[in-house]
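Quick one, structure for this:
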Amino acid sequence: MPYLGDDSFLAALEAILFTAGEPLTVKRISDALDAHREAVQEGLETLREHLNEPSRGICLLRLGDAWQLCAKPDYAGQVRETLEIKRNVPLSGAAFEVLAIIAYHQPVTKSYCEQVRGVDCGGVVNTLCQRGLVEEKGRLELPGRPITYGTTPDFLRCFCLASLDDLPELETEESY
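The predicted structure is shown next:
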């Protein structure tokens, strides 16, 4: 089993995360390296500290129990230009409202979002699904069996959240 001072262990973690290109769980990494989960977890934390140095162009994001290497936001423009990535059309105010409703109250139905907002949300929910920020989570045992929606791991990644627990507290009417 590798120990945390072993540079080759940290290099192996970095190589695995770089090659994967998607979030990997600690279990999956520990199975691949035949290492204890605790050692992998500590190694990932150490690697994240190394990558947090200002001279580095990448960072290690924790997404729940999964980890992923990403370009630092400071270099998004250069990466986009180099790879000729077209900038996504920003979300509308309505989309942000629906996304917030779903994030804070999931799983919810489209009709719940419509009740909260007071307008039709079908198109907005479909757009959020197409962008991979929201997905179907199941159906309610009610007449018509309405679909419930919740956020995706891409939602967490886009908003730099490790989990839904990292969402900011909602303001109450008393705080106005």
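
what comes up buried for stretch 61-78?
Applying a neighbour-count criterion of 16 or more other Cβ atoms under 10 Å, one finds 61, 62, 63, 66, 67, 68, 69, 70 buried in stretch 61-78. Any C-beta I mention is one placed from the backbone N, CA and C, and that applies to glycine too.

Grab the nearest non-local neighbour of the fifth one.
Setting aside the residues directly before and after it, residue 67 is nearest to residue 44 in space (Cβ to Cβ, 6 or more residues apart in numbering), at 5.4 Å.

what helix or strand does that neighbour sit in?
Per DSSP states H and E, residue 44 falls inside helix 37-51.

now swap in residue 149 and tell me
Assigned by DSSP H and E, residue 149 belongs to strand 147-151.

Could you give the average pLDDT over that strand?
Averaged across strand 147-151, pLDDT comes to 94.

now do stretch 101-112
In the prediction, stretch 101-112 has an average pLDDT of 93.

chain center to that stretch, what's the gap?
In terms of Cα atoms, centre = their mean, to the nearest Å, the centre of stretch 101-112 is found 18 Å from the chain centre.

Do you know the pLDDT at the residue lying farthest from the centre of the chain?
Centroid-distance maximum for the chain: residue 143 at 33.0 Å, with Cα atoms, centre = their mean. According to the prediction, residue 143 has pLDDT 88.

For it, what is the enclosing helix or strand?
Using DSSP H and E, residue 143 is not contained in any helix or strand.

cool, residue 95 as well?
In this structure, residue 95 sits in helix 93-105 according to DSSP H and E.

Now do that helix: which elements does it pack against?
Here helix 93-105 touches helix 110-117, helix 122-130, strand 147-151, going by 3 or more Cβ pairs under 8 Å, 6 or more residues apart in numbering; DSSP states H and E.

Show the contacting residues for residue 64.
153, 156, 162, 163 (Cβ atoms under 8 Å, 6 or more residues apart in numbering).

Tell me where this protein is predicted with low confidence.
1-5, 84-88, 173-176 (pLDDT under 70).

Specify the residue ranges that define each domain of it.
Using automatic domain parsing, the domains assigned to the chain come out as 7-74, 93-175.
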